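# I need the structure of the sequence given here:
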Amino acid sequence: MNFVVFAPNPWHDIWRNRQQIFSRLAGRHRVLYIEPARASLADWRRSRVTLADLRRPAVAKEQPNLWLYRIPAALPSRDTGDLFDRTTDRLLAAHLRRTLRQLDFLPSPQSPVPTPYAPVLWLYRPTHWRWAAANIPHSLLVYHITDDYTAFGHLTAAQRDAMATAERNLLAAADLTIVTAPRLLELKRPSARRIELVPNGVDFEAFQRALANPRKLPQLEALQSPHPTPHAPHPIIGYSGHISSRLDLPLLRDLALARPEWQFVFAGSEDARGCEAELVALKSLPNVHFIGVLPVEDVPHFIVACDVCLIPYRVNDETRAISSLKLYEYLAAGKPVVSARVPAAVEYADVVEIADGTVDSWLLSLASALGSQQDGEAATARQTVALANTWDARVQQIETLMADAQRNTA
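Have a look, this model is predicted:
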């Protein structure tokens, strides 16, 4: 099969389920991963588009059978839907189809596109649908839902309504919808033609390698503590993942204030929309450290270096619909985990400490987790859960669903 994937994040961003899935599917199939970046006219006016951007190749081979398509910077967007945008959209469609033909994802323009030959069109956002479906011949339309996008906290009411309408239309059109969490299955099933649950997973072997041969990370070795030591100060209370208003930032600040001897370390990308002041207040504390996005190969070593790992979500509609990728990663490293009371964590309450929304509850759970660090039996139980949720198993499930969907649409 050939896959054309419209992704909401660049390939070399923090690794999410899309990179994990398609890096594996590329072992048996061919993938064109379309990155989201597109310059705006404002970017041009403010000189944010450089000569290097213009010279950057539109297509780059990332690994065997997997190519990255970067929308050319010479095709700016105003995102207004007017004649300018329609013109650049037509140019982009022509450029993308030409790329697909060059990679043999599509036949020559003179040949009709036989349905079995056409690629699978894989979408992660409803906003991609109409343009992609209209401009790319495809044999199958797949919509992959990883969050309840209509519950995102930074959306205005108008944006939320528009997102909900677009999503209902895509659910009705998609040959297959894949969701990552039971709550998403419940919410989206009434509008979907066919919908299946495939939770997130973990690269279990990567964490076993990190446990067997832990590597010191400069970002951790550079941490400062009130009592300098030749090594990174401990305990390290760690978080790996996206940092945004989804996290209970005021709670985290209160925890760091209550335990100045603990080091709170956050690794991942940041989105300050709706939480700028809270983020600044958290970062101002001497025992709070933000070390940025780590290369995917460093993430297991970061988690292995932590004493306790956090899932400090606010509990709301958005987080109730999450399948926490980081949870499986923490468990694969055998680490004690303390989480907010969200369904993704409660499902594994036998191996995860669940804290309620108060500082006292979190402090008790964190103290309990720190006390279990040397419990080998507990660590084995956590790893057993992770081993049952590998990305390899998830990809096999997806391939089975794809084959069945293709038979049903033939």
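# ramachandran angles for Pro214?
phi -60, psi 140 (degrees, to the nearest 10).
# now do the same contact list for it.
The neighbours of Pro214, taking Cβ atoms under 8 Å, 6 or more residues apart in numbering as the test, are 301, 304-305. (Each C-beta comes from the backbone N, C-alpha and C, glycine too.)
# need the residues you listed in TSV (columns: distance to Leu387 and secondary structure).
As requested, the contacts of Pro214 are arranged in TSV below (distance: Cβ to Cβ, whole Å; DSSP: H, G, I helix; E, B strand; the rest coil):
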residue	distance to Leu387	secondary structure
His301	20	helix
Val304	16	helix
Ala305	21	helix
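# could I get those residues as CSV with neighbour count?
Compiled in CSV, the contacts of Pro214 are given as follows (neighbours: other Cβ atoms under 10 Å):
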residue, neighbour count
His301, 22
Val304, 21
Ala305, 22
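# out of these, which comes closest to Phe290?
Ala305 (15.7 Å; Cβ to Cβ).
# assess the claim that the closest one and Ile237 are in contact.
No - with contact defined as Cβ atoms under 8 Å, Ala305 and Ile237 do not form a contacting pair (11.6 Å).
# got phi/psi on the closest residue to Pro343 other than its chain neighbours?
Distances taken as Cβ to Cβ, 6 or more residues apart in numbering place Arg320 nearest to Pro343, at 5.8 Å, with adjacent residues excluded. Backbone dihedrals for Arg320, given as degrees, to the nearest 10, come out at phi -70, psi -20.
# what separates Arg320 from Arg193, distance-wise?
Arg320 sits at a distance of 25 Å from Arg193 (criterion: Cβ to Cβ, to the nearest Å).
# and the protein, what are its domain boundaries?
Domain segmentation of the chain under automatic domain parsing yields 2-201+391-409, 204-387.
# tabulate the ones you listed (JSON lines), appending mean pLDDT.
Conversion of those to JSON lines gives the following (pLDDT from 0 to 100):
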{"stretch": "domain 2-201+391-409", "mean pLDDT": "84"}
{"stretch": "domain 204-387", "mean pLDDT": "94"}
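# the stretch 301-410 of the chain: strands as residue ranges?
Ranges of strands in the stretch 301-410 of the chain, per DSSP state E, counting those that start in this stretch, are 308-311, 337-340, 353-355.
# counting contacts, what elements does the second one pack onto?
Packing partners of strand 337-340 (3 or more Cβ pairs under 8 Å, 6 or more residues apart in numbering; DSSP states H and E): strand 308-311, helix 325-332, strand 353-355, helix 359-371.
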